[in-house]
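Enquirer: generate a structure from the sequence data that follows.
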Amino acid sequence: MRVVAALDFDDWYAAQRPRVYLAMLALSGDADLAADVTDEAFTRAVANWNRVSAMESPGGWVQRVALNVARRRLRRGRTERRLLRTIGGPSDVSPPTGEIWDLVRELPERQRVAVVLRYVADLTEPEIAIAMDIARGTVASTLAAARERLAGVLVEEEIEEDVQ
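Expert: Coordinates of the predicted model:
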């Protein structure tokens with residue numbers, strides 16, 4: 001039985017991670033999925049290092065964990081895609097378009113989020129306050145500032161067009 005000392009985790013990780021990642025990449029063909037499941041497997045290994053390091057093959061164990069995580073995620077993804085095709089999902093919905101939405105995307109984050117929650121998600125100010133974890137008054141002032149900023153940009157653009 002091969003026992004890896006607890007102090008050897010860093011060296012073991014450095015030697016094993018590329019192997020696990022490459023195996024998961026070869027199996028899935030998806031670099032992001034391979035990285036995610038590899039990281040998950042090593043997170044579980046370090047959390048249970050006393051037990052894992054005493055195993056005959058810690059490398060085999062971490063490969064098995066990564067493979068199981070990958071299988072679950074791939075299966076879940078197939079199920080989600082099937083359900084979305086059945087019930088219609090976000091892929092059937094287009095994001096808001098037009099010049100005004102281009103301007104909204106340029107707002108500071110808090111203003112942008114408030115505007116989207118109000119005018120796309122159709123939330124009330126109290127609901128937006130809950131969603132953003134801010135006071136209702138802050139929602140009102142944030143929306144007012146966003147509208148003012150958008151109006152200012154639109155007025156500037158109108159003036160520029162009139163000048164040309």
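
Enquirer: now stretch 15-32: buried residues?
Expert: The neighbour-count check on stretch 15-32 (16 or more other C-beta atoms under 10 Å) flags Gln16, Arg17, Val20, Tyr21, Ala23, Met24, Leu25, Leu27, Ser28, Asp30 as buried. The C-beta positions use only the backbone N, C-alpha and C, and glycine is treated the same way.

Enquirer: the second one reaches Phe42, doesn't it?
Expert: I take that to be Arg17. Yes - under the contact definition of C-beta atoms under 8 Å, Arg17 touches Phe42, with a separation of 6.5 Å.

Enquirer: just to revisit the earlier point, distance to Thr97, pLDDT and secondary structure for the buried residues of stretch 15-32 - can I get that in a markdown table?
Expert: A markdown table is the format used below for these (distance: C-beta to C-beta, whole Å; pLDDT from 0 to 100; DSSP: H, G, I helix; E, B strand; the rest coil):
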| residue | distance to Thr97 | pLDDT | secondary structure |
| --- | --- | --- | --- |
| Gln16 | 47 | 93 | helix |
| Arg17 | 43 | 95 | helix |
| Val20 | 43 | 94 | helix |
| Tyr21 | 39 | 94 | helix |
| Ala23 | 42 | 92 | helix |
| Met24 | 38 | 93 | helix |
| Leu25 | 36 | 91 | helix |
| Leu27 | 39 | 85 | helix |
| Ser28 | 34 | 84 | helix |
| Asp30 | 30 | 88 | coil |
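
Enquirer: using CSV, lay out those together with distance to Asp133.
Expert: As requested, those are exported to CSV (distance: C-beta to C-beta, whole Å):
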residue, distance to Asp133
Gln16, 40
Arg17, 37
Val20, 38
Tyr21, 37
Ala23, 41
Met24, 36
Leu25, 38
Leu27, 40
Ser28, 36
Asp30, 34
